[in-house]
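Trainee: Next input, structure requested:
(4 chains)
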There are 2 protein chains.
Amino acid sequence: MPLSSAEEQLMHHLWKLKRAYLKELIAAIPAPKPAKTTVATLLKRMIDKGMVGYDLHGNSRQYYPKVSKQSYFAKKLKGMIDSYFDASPGAFASYFAESTKLNKAQLQELQDIINRKLEEE
Amino acid sequence: MPLSSAEEQLMHHLWKLKRAYLKELIAAIPAPKPAKTTVATLLKRMIDKGMVGYDLHGNSRQYYPKVSKQSYFAKKLKGMIDSYFDASPGAFASYFAESTKLNKAQLQELQDIINRKLEEE
DNA sequence: ATTTATATTCTACATTTGTAGAACAAAGTC
DNA sequence: GACTTTGTTCTACAAATGTAGAATATAAAT
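Mentor: Reported below is the predicted structural model:
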């Protein structure tokens, strides 16, 4: 049950706010702001998809993500690696290291991480 | 003009075949195979989106990708890094190196790539 | 108590996506 | 020349997506 594009954008705001009432979510969206009912519809669909939960506070709801940004992202990335790199994270890693322009500090940070990983064996 | 999910799947076959007639494309799709008109409709939409071109051979068309898998993928990944890592490839790289389970050979390959990159300065 | 701010539900409708039948055309085969 | 294979176009329709008005509820403010 993947989120649609509009739903995913809204999810980003919810991840940032952690918990939010409708009004707060709308406040977080940059202009042109959608109608409140538009956001309400998206939230309802996201709840149906199991991605959002809520607590009742008084008569209204405080919404929160039921899936962390990290794990949602990890799933998306895995899907991409599966289809574009034949399910090989190593091939993807090589491609990424090769193609991306990182500065010296970033490259060194990566080196450190990899060295640590190698020592963990 | 992003491809829809069904279109993207078809695109993968076209990338693999490089050039293909409708029949060849359908042959490449695993069962349950869609109706030929379904594939024809998708191809038409992909042509409209500028993702596929074709040469006329006799009365029928040999289709080919107008966008390489590499560049299409790069765009997708950039979109994800923009939205999930605040447009920071470095942050993404760190996350990825940290979270993915690569074996020793893969880690060393990465090291080599990074070393080469560092020397290129 | 009346107004106001906020939220929710229901309904609606245009667009996009997934899927395919019907009809027609041309090229190769018997 | 009739038949088969392959391809294309047109049309269609259900489901998903993007967007929002109308109606309604309720809590807070005055």
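Trainee: Nearest the geometric middle of chain A, what residue?
Mentor: Central residue check for chain A by C-alpha atoms, centre = their mean: the C-alpha nearest the mean position is that of A:Lys69, 3.7 Å away.
Trainee: Can you give me the pLDDT of it?
Mentor: Residue-level confidence at A:Lys69 comes out at 97, pLDDT.
Trainee: what about the helix or strand encompassing A:Lys44, near DNA strand C?
Mentor: With the criterion set as DSSP states H and E, the secondary-structure element containing A:Lys44 is helix A:36-48. Yes. Using C-beta under 7 Å from any atom of the strand, we find that helix A:36-48 touches DNA strand C at A:Lys36, A:Thr37, A:Ala40, A:Thr41, A:Leu43, A:Lys44. Backbone N, C-alpha and C define where each C-beta goes, glycine included.
Trainee: for chain A, which spans come out with low pLDDT?
Mentor: Of all residues in chain A, those with pLDDT under 70 make up the ranges A:121.
Trainee: 50 instead?
Mentor: Applying pLDDT under 50 to the predicted model, chain A contains no residue that meets it.
Trainee: What residues does it have near DNA strand D?
Mentor: Residues of chain A lying close to DNA strand D by C-beta under 7 Å from any atom of the strand are A:2, A:4-7, A:34-35, A:37-38, A:41-42, A:45, A:58-59.
Trainee: which of these count as buried?
Mentor: When burial is judged by neighbour count using 16 or more other C-beta atoms under 10 Å in any protein chain shown, the buried members of these are A:Glu7, A:Leu42, A:Arg45.
Trainee: need the residues you listed in CSV with distance to chain B, can you?
Mentor: Shown next, in CSV, are those (distance: C-beta to the nearest C-beta, whole Å):
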residue, distance to chain B
A:Glu7, 13
A:Leu42, 17
A:Arg45, 17
